[in-house]
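Asks: Build me a structure from this.
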Amino acid sequence: MRKLLKKKKFLIGASFLVILLLLSISNTIFNDGKIRQTLLVYDEKGELEKAPPYPPGDVYLFGSDMYGYDMLHTVIEGAKYSIGIVLIVAFFRMLFSIGLSYFLFRVPESVFKWIKTVAEPLSFFPQTLIAYFLLRTVIMYTMDGFHHPFWVRAFYEFVILIAVALPSLTVQLIEQKRRVWQEEFIESAIVMGGSKRHIYFKHILPQLYEEWILMFGQQFLQVLTLLVHLGVLLVLFGGTIMGDGGPPTSVTHEWAGLIGLNKRFMLTREWIVYVPILFFILTAISVAMINQSLKEFFNTKDNLRKSR
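Replies: A predicted model of the protein is given here:
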């Protein structure tokens, strides 16, 4: 573990995510989730000098949105939702897929082929479209308001975001376990009378847990991308409020929503869109750096194990 902490890529990636989350949580705890806002700027004579949106480097370092809210502060406030949602979805994708693969990896070959035949086409169909059609009617604000409370909308979205990846991910894990099951040491364990549970936890899991940690990072990036796609389609986490003739708004400040709601400013006040996109990119790079560091760390461990 100490060798991993000495890797610069791991430290940089992990530090960025941890600091961003701590700032976001601290803003909620100590500032009640409020965001800095400057409505109008007057000169010494009391005459109007500036009005939002303010460009970067003027009133705020990263500029402001149309209502004068600091873009950097807005992104920091939404970080706990954006990163938190992705972490939860990626974790439960792996957890449920591992659980399903435990019960299915020893099914007969004919049954596994049928499962694979059903699951593989879903891996080629865009998850964004599946999630969009399943979520749109539930989390969209109507003339009568939301049909369901926030926790129901959030829970339903979590379920959909997790479920769309389970078939292909479960098949992938089953194939990994079936590959290990063919190894000679597994045959030796079976001959010596080891039970299925004993073999699974003592022999198969130690062979695969490192791959699963790396897969978790891959799922994190996939969910991050999926949220951006849904944000552009105005399917926002927790609900999309469609105003009476005005622009849609979000019930949270998560980044995908900021991108989707402000994409109309891409050609005129581009910083309003580019700031959340920048933090999405930095988060993706941080996770990729962590994953690469873990991969190098695991490879080093394997090489040392083989040399002994």
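Asks: and the lengthiest helix in the chain, what other elements does it pack with?
Replies: Taking DSSP state H as the criterion, the chain has its longest helix at helix 271-307. Under the contact criterion of 3 or more C-beta pairs under 8 Å, 6 or more residues apart in numbering; DSSP states H and E, helix 271-307 touches helix 2-5, helix 8-31, helix 71-104, helix 205-232, helix 255-262. Any C-beta I mention is one placed from the backbone N, CA and C, and that applies to glycine too.
Asks: The next helix or strand after the third one packs against which elements?
Replies: Later in the chain than helix 71-104, the nearest helix or strand by DSSP states H and E is helix 109-124. The criterion is 3+ C-beta pairs under 8 Å, 6+ apart, and the helices and strands that helix 109-124 contacts are helix 166-181.
Asks: how distant is the helix it packs on from the center of its chain?
Replies: 22 Å (C-alpha atoms, centre = their mean, to the nearest Å).
Asks: what inclination does that helix have with respect to helix 205-232?
Replies: 160 degrees (axes from the mean of the first three to the mean of the last three C-alpha atoms, to 10 degrees).
Asks: got the contact list for helix 166-181?
Replies: 93-94, 96-98, 100-101, 104-106, 112, 115-116, 118-120, 122-123, 186, 203-204, 207-208, 211-212, 215, 219 (C-beta atoms under 8 Å, 6 or more residues apart in numbering).
Asks: Give me the buried subset of these.
Replies: 93-94, 96-98, 100-101, 104-105, 112, 115, 119, 186, 203-204, 208, 215, 219 (16 or more other C-beta atoms under 10 Å).
Asks: quick one on the thing from earlier: now do the buried residues in the longest helix of the chain.
Replies: Neighbour-count burial for helix 271-307, counted by 16+ other C-beta under 10 Å, picks out 271-277, 279-280, 283, 286-294, 297-298.
Asks: May I have stretch 101-109 exported as CSV, CA atoms only?
Replies: Extracted C-alpha coordinates of stretch 101-109, given in CSV (Å, rounded to 0.1, in the frame of the first residue of the first chain):
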residue,chain,number,x,y,z
SER,A,101,-22.3,-14.1,-11.4
TYR,A,102,-21.8,-16.1,-8.2
PHE,A,103,-25.0,-18.0,-8.8
LEU,A,104,-24.7,-18.3,-12.5
PHE,A,105,-21.1,-19.0,-13.3
ARG,A,106,-21.5,-22.8,-12.8
VAL,A,107,-24.7,-23.2,-14.9
PRO,A,108,-24.5,-25.7,-17.8
GLU,A,109,-22.8,-24.5,-21.0
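Asks: Cheers, nothing more for now.
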